[in-house]
Each structure stands twice: as C-alpha cells, then as structure tokens.
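Undergrad: The sequence isn't on hand, but the structure is:
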C-alpha cells in the first residue's frame, strides 16, 4: 500500500542549476540539516529526511515545483485540461513513477505524479 495521499502535495522539487554540482547541494543540506540523499545519476538527488520529500534537479532553472500525488494520473490530467489548466510537460516516466506539469489560472507551474 502506498504512503502517498491522493490529491495532496507530497514532494517539492528545487532547481540545482546555479550550483557548481549536485554534490555541492548534497553536501550543503547534509551538513546543514543532516539530510540523507538518494542519487539518481549525475544531475538529480532526492531525500525523504526533509519532512516533505524533496529533490534537486541540476538540469533545471525554475522556481520550486510543488508536486501533487494522484492515484490516477490520466484522470487528473483530464480534469486539469477540462478546467483550463495548461499542460506544460506531457506525461513522462521516471524511476519510481510518471508525472506531468501544468500551469494553473494564476500562472503557477505545478506537477502531478503517480507511482501507478
């Protein structure tokens, strides 16, 4: 059974592009707060020891990205489109699940993910 709650923010993704390396980010947060990280290649790390799970993407420059969990990704995608949300990144797969990005009516970018 999943520990994720449907339609709840359970992940925040931060940019790592302005740092010298993903290792620099990992060392900073490990030393400052004692966080333990998983490494997903040379450009992505994540942790669940930060309260709300979070990740750092060294290939991205953007504002922090709130990520909402969904039990049914395709249904969430359809609802967001029907309500006028703008899909900014189509459904993609990553280790552990799939997700898409959208902009809300105020222009905020968020993502929806599922492990199903």
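TA: In hand now; what should we look at? All values derive from a computational prediction rather than experimental measurement.

Undergrad: Residue 83 and residue 73, how far apart?
TA: 16 Å (C-beta to C-beta, to the nearest Å). Where you see a C-beta, it was placed from the backbone N, CA and C, and this is true even at glycine.

Undergrad: got it, and residue 85?
TA: 14 Å.

Undergrad: Please name the bridge partners of the residue nearest in space to the middle of the chain.
TA: Taking C-alpha atoms, centre = their mean, the centroid of the chain lies closest to residue 13, which sits 4.3 Å from it. Bridge pairing for residue 13 (DSSP bridges) gives the partners residue 55, residue 65.

Undergrad: So for it, what's the pLDDT?
TA: On pLDDT, residue 13 comes in at 94.

Undergrad: Residue 65 is in contact with that one, correct?
TA: Yes: counting by C-beta atoms under 8 Å, residue 65 is a contact partner of residue 13 at 4.3 Å.

Undergrad: what touches both of the two?
TA: residue 111 (C-beta atoms under 8 Å, 6 or more residues apart in numbering).

Undergrad: follow-up on the earlier one: compare residue 83 and residue 73 (neighbour count), which wins?
TA: residue 73 (19 against 10; other C-beta atoms under 10 Å).
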